[in-house]
Each structure stands twice: as C-alpha cells, then as structure tokens.
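Novice: Okay, here's the prediction I keep looking at, along with the sequence it came from:
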Amino acid sequence: MKQRVTKAIFPVAGLGTRFLPATKSIPKEIMTLVDRPLIQYAIDEARAAGISEFIFVTSRGKSALEDYFDRAPQLEAELRRKGKKDLLEALRTTEMVSGAIAYIRQQRPRGLGHAVWCARRLVGNEPFAVILPDDVIAADKPCLQQMVEAHAETGGNLIAAMDVPPQATGAYGIIDPGDAVGRLVPVTGMVEKPDPAVAPSTLAVVGRYILTPDVLRNLNRIKTGAGGEIQLTDAISADIAEGARTHALRFEGQRYDCGSKAGFLEATVAFGLARPDLGPDFARFLDSLPRHGAAAE
Ligand code: G1P
C-alpha cells in the first residue's frame with residue numbers, strides 16, 4: 001500500500017539578498033502578498049493537501065517565523081477585549097497544534113539539497129513533501145493537493161513542473177521527459193540550471209516535490225553541483241539513475257516567482273485583484289493609471 005504524505009519540509013534558510021534592504025531585518029518569507037506573508041500561503045497549501053507535520057529548515061535571523069506561528073496572548077486578549085472577532089479569526093490561520101511544527105537550522109548555506117538533508121531525522125523513512133515558499137501558486141485546487149492525488153496513483157517521486165521559455169532554462173531544474181500521459185510526464189533525468197544549448201527540454205521544476213526517503217539517502221553522498229551547492233535536483237537524478245519511478249506533474253494554476261521583484265509585484269497585483277474586498281476598487285485604480293508611454297508624452 002502506498003504511504004500517505006503527512007510531512008512537509010519548508011526550506012527557509014535563504015538570506016533573501018535579492019530583496020535587500022527589506023530583508024536586512026525580516027525574513028523574506030514574512031514579506032506579504034496583500035495581508036498574508038509568503039510562508040502563510042505555503043502552509044495553507046500544505047494543510048489543504050493533508051500535511052500535518054511542518055518542518056522548517058531555518059538559519060540565523062529567522063526567529064520572526066517562529067513567532068509568527070506562535071500564540072500572541074497579549075494581542076489576542078486585546079482583540080477579545082475590543083470584540084474584534086474578525087481579526088481573531090484572521091489570526092487562527094497562524095495557529096499550530098503543539099508539536100506539529102519543528103525548526104531545524106541549516107548552519108551553512110550549502111544549497112537546497114543540503115537544506116532538505118538537514119531535516120532527514122525528522123522525516124524518517126516515509127515519503128515527504130518539499131515546498132519552496134518563493135514559488136506561490138494560485139490554483140482552484142491547491143498545487144500540492146493536485147500532487148498528493150496524482151502521487152496516490154504514481155508513487156515514487158513526483159515533481160511539479162511547467163514549461164518555461166528556452167532562454168530561461170539556466171534558472172531552473174530542467175526535466176528530461178518521457179512520453180506524457182495527460183498532465184503526468186515520466187522523468188528520465190534532471191539537470192540543475194543548464195544552459196539553453198544543453199538543456200534536455202524546457203520543462204522546468206517548480207518548488208513542489210513529493211519524494212521518497214531514498215532521495216535523502218542520496219543527499220548523503222552526492223557531490224556539490226551547479227553553483228557549488230548541494231542540489232536537490234542531483235539527488236533526485238541519482239535516484240532516477242537507480243531506477244526510481246519519477247514523474248513530473250504539469251499542475252493546473254498560475255505560478256508566481258516571488259523570489260524575484262518582478263514576480264513578487266505580479267503576485268501582489270494578481271492577489272489584490274482576486275480579493276473580493278479589494279479587487280473592484282483596485283481594478284479601477286489600475287485602469288486609471290497612465291498607460292506605458294502615455295506618462296512620458
Ligand atoms: C530551486 C531548484 C530548481 C527549481 C527552482 C524552482 O532553485 O534548485 O531546480 O527549478 O527552485 O523555483 P532556486 O530558485 O532556489 O535557485
């Protein structure tokens with residue numbers, strides 16, 4: 001019988017240098033889209049997929065994340081006193097059952113693969129999910145839920161994927177694909193950040209994975225890869241080379257690269273427009289802005 005996926009790793013140790021100076025004193029995962037931090041979107045998606053154990057791989061300077069998922073007795077008491085039920089309700093999404101969330105530190109920035117490896121003892125010998133909070137995915141059915149459902153059929157490793165422009169392969173893990181059946185694509189190999197000239201395809205890894213514990217074992221032994229870092233892509237690739245069944249899922253939904261300023265801005269606009277309480281006015285405001293070029297006339 002296939003094991004259910006109940007644990008998810010959230011690699012949140014990155015320095016967030018692309019957003020300096022904002023990230024000088026706040027973790028980038030606390031940056032907000034409308035009124036929720038990036039990490040909240042990732043946690044909500046995990047919960048929707050049935051995840052009940054949340055493992056954060058953090059680093060120095062990330063304590064705001066721990067406080068975010070803790071109770072805030074003074075704030076709650078104040079809101080209760082003032083009868084602010086809606087705000088108390090908003091805080092509920094940040095509540096975690098005691099023991100459901102664990103924090104492990106990655107002491108040195110040695111790459112995504114190394115970050116995942118740091119969580120190995122908490123994962124144990126069962127399939128697990130990895131969610132990169134930089135990749136925010138808007139979808140009717142949350143992306144990880146789509147993956148858990150597909151994984152119940154495929155087993156093995158399952159990776160979220162989407163097509164990218166040929167010139168963009170150097171920014172992603174790129175999949176060597178077999179013949180697709182619907183949205184599921186068998187994966188015969190993977191390369192981290194290849195030049196377009198040598199990329200096996202334009203099918204790129206997006207930050208959602210369901211992996212077998214064998215990938216963790218591979219992380220023990222693989223060498224540093226692209227960018228001088230221990231790459232998760234390489235550990236999965238080693239698993240495939242040993243015959244592990246691995247699929248990519250062309251998920252349904254829109255992915256925003258909130259690790260980049262442009263992507264973050266796009267997500268802010270899209271999520272603002274999608275909010276019933278803000279969208280209509282916001283749309284009118286956007287319509288009223290001078291079109292590109294017009295301002296210069
Ligand atoms: C990481 C992975 C890469 C993947 C990407 C998706 O890269 O290493 O394989 O395609 O996330 O966002 P990063 O963007 O952290 O450099």
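Specialist: Alright, I've got the coordinates.

Novice: Can you verify my assumption that His247 contacts Val187?
Specialist: Yes. Counting by C-beta atoms under 8 Å, His247 does reach Val187; the two are 6.1 Å apart. All C-beta atoms are positioned from the backbone trio N, CA, C, and that covers glycine.

Novice: Overlap in contacts, the two.
Specialist: 157, 159 (C-beta atoms under 8 Å, 6 or more residues apart in numbering).

Novice: Pick out the residue of this protein closest to the ligand.
Specialist: Distances between the chain and the ligand by C-beta to the nearest ligand atom are smallest at Gly173, namely 2.5 Å.

Novice: quick one, what contacts that residue?
Specialist: Counted by C-beta under 8 Å, 6+ apart, Gly173 has contacts 190-193, 204-205, 231-233.

Novice: again with Gly124
Specialist: Pro213.

Novice: And the ligand, is the longest helix anywhere in the chain touching that?
Specialist: In the chain, taking DSSP state H as the definition, the longest helix is helix 261-274. No. Helix 261-274 is not in contact with the ligand by C-beta under 6 Å from any ligand atom; minimum separation 9.9 Å.

Novice: Can you point out the buried residues in that helix?
Specialist: 263-264, 266-268, 271-272 (16 or more other C-beta atoms under 10 Å).

Novice: what's the very next helix or strand once past it packed up against?
Specialist: On the C-terminal side of helix 261-274, the nearest following helix or strand under DSSP states H and E is helix 279-288. Where contact means 3 or more C-beta pairs under 8 Å, 6 or more residues apart in numbering; DSSP states H and E, helix 279-288 is packed against helix 261-274.

Novice: Quick one: mean pLDDT for the helix it packs on?
Specialist: Per-residue pLDDT over helix 261-274 has a mean of 97.

Novice: for stretch 36-54, same thing?
Specialist: Rounded mean pLDDT across stretch 36-54 is 96.

Novice: Quick check: end-to-end length of it?
Specialist: 18 Å (C-alpha to C-alpha, to the nearest Å).

Novice: Just confirm yes or no for it near the ligand.
Specialist: No. For stretch 36-54, no contact with the ligand is found by C-beta under 6 Å from any ligand atom; the gap never falls below 12.5 Å.

Novice: Provide the contact partners of that stretch at residue level.
Specialist: Applying C-beta under 8 Å, 6+ apart, the external contacts of stretch 36-54 come out as 4-8, 10, 12, 28-33, 65, 68-69, 93-94, 96-97, 100-102, 122, 129, 131-134, 136-137, 142-145, 147-148, 258.

Novice: Can you give the distance from that stretch to the centre of its chain?
Specialist: In terms of C-alpha atoms, centre = their mean, to the nearest Å, the gap separating the centre of stretch 36-54 from the centre of its chain is 10 Å.

Novice: If you count neighbours, what's buried in it?
Specialist: With the criterion 16+ other C-beta under 10 Å, stretch 36-54 contains buried residues 37-43, 45-47, 49, 51, 53-54.
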